[in-house]
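> Structure of the sequence below:
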Amino acid sequence: MIDQLYSVMTQKGVNKYALNLSAALLFICASICLQSPSQALSDPPVRGLEPEITLGPARIPLGGLSLVRIVPARGIIIKKVKFSGKDIPFFRDRTGKGYLALAGAALNTIPGDKVLSVVWDDGNGRLNVTAVCLTVFYKKFPEEHLHVPKKMVEFPPRILKRVLADQRAISAVCGRISSHVYWQRPFVWPVPPTILSPFGLRRFFNGEPRSPHSGIDLRAGVGAPVRATNSGRVVLVRNCYLSGKTVVIDHGEGLFSLYAHLSASLVRTGQRVRRGMLIGRAGATGRATGPHLHWGISLQGKRLDPTELMKVLGDNG
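Here you go, the predicted structure:
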């Protein structure tokens with residue numbers, strides 16, 4: 001991880017002390033998590049020059065996310081933001097107070113202390129790194145064991161081809177990172193927040209495990225209004241075999257929301273939508289046992305828990 005963290009520092013102008021830190025990964029990670037919220041990893045910059053980094057929250061569960069706020073000192077230039085060694089998008093705060101970024105933990109993330117770092121230029125061409133510790137903690141998710149006819153869990157080739165094509169289409173749009181940020185706080189629930197099936201639920205059909213639930217199922221009768229959780233641009237309207245009529249909205253910088261099993265979609269691909277705007281009607285299309293809304297959140301290609309999004313960026317966030 002330290003090699004990825006400092007790959008940007010191999011270019012001309014990086015101080016020698018910072019490069020030597022690659023031999024002390026364990027010490028660095030432990031030190032960051034025990035020290036103050038912002039800790040420089042290169043030669044100490046001029047006092048007060050390093051950016052201020054705050055995490056909200058500093059501890060997140062599997063499926064959770066944190067709002068990262070970066071306030072740079074005058075004259076410094078923010079070059080990169082990295083989480084667990086990977087670049088994540090950052091963007092200007094609408095309030096004018098620095099920058100924001102979103103860091104999330106997918107279900108397959110190994111729990112523990114993770115390094116979130118900001119690479120910055122001191123204005124004289126010298127790169128520095130300031131880092132904080134973001135802790136990902138383990139969360140136990142429920143299981144459901146079902147016994148169903150074999151034909152319900154094994155698709156014939158023609159159906160399997162369609163299912164895989166649907167999955168590729170959704171993954172393709174959710175893997176993009178647009179430079180425009182459409183959303184602003186707060187996010188709103190697409191339908192009233194009565195949860196029928198939680199995020200991360202692991203189903204076992206006839207003893208065989210299936211992928212964990214990638215979103216949440218919300219109670220909604222056929223025809224109930226479904227509203228956009230925030231402003232954005234519609235990037236997919238598709239009738240999928242499993243999720244039925246599905247709408248995906250790009251909120252900017254790698255953040256997407258997904259609405260499935262709709263009885264009707266009321267938007268088109270490429271359309272701009274506003275927070276709270278009617279985008280569809282709830283239903284039971286696709287493989288659904290009854291009417292409801294499946295609501296999903298994707299951040300930089302990782303499926304996250306919508307309830308965690310609402311805790312951080314909703315009305316009470």
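> ranges for the helices of the stretch 51-200 of the chain?
In the stretch 51-200 of the chain, the segments counted as helices under DSSP state H, counting those that start in this stretch are 157-174.
> where are the low-confidence patches of it?
For the stretch 51-200 of the chain, applying pLDDT under 70 flags the ranges 151-152.
> just the strands in it please.
Counting by DSSP state E, counting those that start in this stretch, one finds strands in the stretch 51-200 of the chain at the ranges 52-56, 59-61, 65-71, 77-83, 86-87, 90-92, 99-104, 112-121, 127-137, 143-146, 195-197.
> could the ones you listed go into a markdown table alongside mean neighbour count and distance to Pro156?
All C-beta atoms are positioned from the backbone trio N, CA, C, and that covers glycine. Putting the strands of the stretch 51-200 of the chain into a markdown table (neighbours: other C-beta atoms under 10 Å; distance: least, C-beta to C-beta, whole Å) gives the following:
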| stretch | mean neighbour count | distance to Pro156 |
| --- | --- | --- |
| strand 52-56 | 17 | 48 |
| strand 59-61 | 20 | 38 |
| strand 65-71 | 20 | 38 |
| strand 77-83 | 18 | 41 |
| strand 86-87 | 14 | 38 |
| strand 90-92 | 15 | 45 |
| strand 99-104 | 22 | 36 |
| strand 112-121 | 21 | 43 |
| strand 127-137 | 21 | 40 |
| strand 143-146 | 12 | 21 |
| strand 195-197 | 14 | 26 |
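> Tell me which of these approaches Ala165 most closely.
Taking C-beta to C-beta as the criterion, strand 195-197 is the member of the strands of the stretch 51-200 of the chain that comes nearest to Ala165, at 24.9 Å.
> Just give the strands next to the following helix or strand past that closest one in its sheet, each with its orientation.
Towards the C-terminus, the helix or strand next in line after strand 195-197, according to DSSP states H and E, is strand 202-205. In the sheet containing strand 202-205, its partner strands are strand 143-146 (parallel), strand 208-209 (antiparallel), by DSSP bridges.
> where's the nearest residue to Glu52 once chain neighbours are set aside relative to Lys79, distance?
Excluding the flanking residues, the one nearest Glu52 by C-beta to C-beta, 6 or more residues apart in numbering is Val71, at 4.4 Å. Taking C-beta to C-beta, to the nearest Å as the measure, Val71 and Lys79 are separated by 16 Å.
> same check, this time on Arg69
From Arg69 across to Lys79, the span is 17 Å (C-beta to C-beta).
> same question, Glu253
Using C-beta to C-beta, which is the criterion applied here, Glu253 is 16 Å from Lys79.
> quick one: low-confidence parts of the stretch 201-317 of the chain?
Per-residue confidence for the stretch 201-317 of the chain (pLDDT under 70) gives these ranges: 317.
> Which stretches in it count as helices?
Using DSSP H, counting those that start in this stretch, the helices found in the stretch 201-317 of the chain span residues 306-313.
> What is the neighbour count of Glu50?
Each residue near Glu50 was counted by other C-beta atoms under 10 Å, and the total is 22.
> Remind me which helix or strand it belongs to.
Assigning secondary structure by DSSP H and E places Glu50 outside every helix and strand.
> Mind listing the residues bridging to the closest residue to it other than its chain neighbours?
Ranked by C-beta to C-beta, 6+ apart and with sequence neighbours excluded, the top spatial neighbour of Glu50 is Thr130, at 4.8 Å. According to DSSP bridges, Ala40, Val118 are recorded as the beta-bridge partners of Thr130.
> quick one on the thing from earlier: am I right that the residue nearest to Glu52 is in contact with Lys97?
Yes - using C-beta atoms under 8 Å, Val71 and Lys97 qualify as a contacting pair, with a distance of 6.0 Å.
> returning to what we had before: distance to Gly232 for the strands of the stretch 51-200 of the chain - can I get that in CSV?
CSV is the format used below for these (distance: least, C-beta to C-beta, whole Å):
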stretch, distance to Gly232
strand 52-56, 22
strand 59-61, 23
strand 65-71, 17
strand 77-83, 22
strand 86-87, 22
strand 90-92, 14
strand 99-104, 14
strand 112-121, 25
strand 127-137, 26
strand 143-146, 32
strand 195-197, 23
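> Mind checking these for the one nearest to Val226?
In this view, the strands of the stretch 51-200 of the chain are compared for proximity to Val226 by C-beta to C-beta, and strand 195-197 is the closest at 14.9 Å.
> So in that sheet, which strands flank the closest one, and in what orientation?
Strands adjacent to strand 195-197 in the sheet, as given by DSSP bridges, are strand 215-218 (antiparallel).
> how many other residues sit next to the residue lying closest to Pro142 once chain neighbours are set aside?
Ranked by C-beta to C-beta, 6+ apart and with sequence neighbours excluded, the top spatial neighbour of Pro142 is Leu201, at 5.4 Å. The number of residues packed near Leu201 is 16, by other C-beta under 10 Å.
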